[in-house]
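Engineer: sequence and predicted model, in that order:
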Amino acid sequence: MKFVLIIGPQAVGKMTVGYELSKLTELKLFHNHMTIDLVNQFFDYSTPEGKRLVSLFRQEIFEEVSKSDLDGLIFTYVWAFNLQADWDYVERICSLFESRGGTVYIVELEADLEERIHRNKTPYRLEQKPSKRNLAWSETNLIDSLEKYRLNSHDGEITRENYFRLNNTNISAVDAARLIKDKFNL
């Protein structure tokens, strides 16, 4: 079982790279908005009810996948490195897969802000993430998050063996996926 965690700030390309990687590896893609946008139909993600349901659905999927005979899972996540709760969450999900014999791979994407603002408006992103279709809100949220959260790690901060940091500002999602596949021999 392989668990590929793709992290990075909003609109860096986590879902798109994950999609391309899933095509190359046949690992299933579980992007973070699959649960957020499901729950948003009932409760806003910012509410306690919304956060609880998103967490519950994700955990149940992780549990079942980690016990299954699937080759693995690709999951995307915006990790706020300045929040201990996010560190704890990442450790919990990685430990779950490892406790069942899985191998964890962490891919950190980074891209220039200008490129992320451009990607925030791409048709594939808007098709897959209904909550991002309010472009004024989405762009403001993307920019405002820079003041509140640190969404890329410092050099040496992630110490896991299977870790790969990739600046994908000027490379396609297909090329990024190929680099990840080759790096980890997926």
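Structural biologist: That came through fine.
Engineer: helices and strands of the chain: which one bottoms out on pLDDT?
Structural biologist: When the helices and strands of the chain are compared on mean pLDDT, DSSP states H and E, helix 123-128 comes out lowest with a mean of 77.
Engineer: which parts of the next helix or strand after that one are buried?
Structural biologist: For helix 123-128, the succeeding helix or strand toward the C-terminus, using DSSP states H and E, is helix 135-148. Using 16 or more other C-beta atoms under 10 Å as the test for burial, helix 135-148 gives 138-139, 142. (C-beta placed from N, C-alpha, C; glycine too.)
Engineer: give me the pLDDT for residue 111.
Structural biologist: Residue 111 carries a pLDDT value of 97.
Engineer: how many neighbouring residues does it have?
Structural biologist: Residues lying near residue 111 (other C-beta atoms under 10 Å) number 21.
Engineer: over to the one 3 residues further on?
Structural biologist: Taking other C-beta under 10 Å as the neighbour definition, residue 114 ends up with a count of 9.
Engineer: which strands or helices does the host helix or strand of it pack on?
Structural biologist: Assigned by DSSP H and E, residue 114 belongs to helix 113-119. Contact here means 3 or more C-beta pairs under 8 Å, 6 or more residues apart in numbering; DSSP states H and E; on that basis helix 113-119 packs against helix 135-148.
Engineer: the spatially most central residue of the chain pairs with what?
Structural biologist: Taking C-alpha atoms, centre = their mean, the centroid of the chain lies closest to residue 76, which sits 1.6 Å from it. Beta-bridge partners for residue 76, by DSSP bridges, are residue 6.
Engineer: contacts for the longest strand belonging to the chain next, please.
Structural biologist: Across the chain, the longest stretch assigned as strand under DSSP state E is strand 103-110. Applying C-beta atoms under 8 Å, 6 or more residues apart in numbering, the contact partners of strand 103-110 are 1-9, 12-14, 17, 94, 97-98, 152-153, 158, 160, 162-169, 176, 180, 184, 186.
Engineer: could you list the buried residues of it?
Structural biologist: If you call a residue buried by 16+ other C-beta under 10 Å, then strand 103-110 has these buried ones: 104-110.
Engineer: partner strands of that strand, parallel or antiparallel?
Structural biologist: Strand 103-110 pairs in its sheet with strand 2-7 (parallel), strand 163-167 (parallel), by DSSP bridges.
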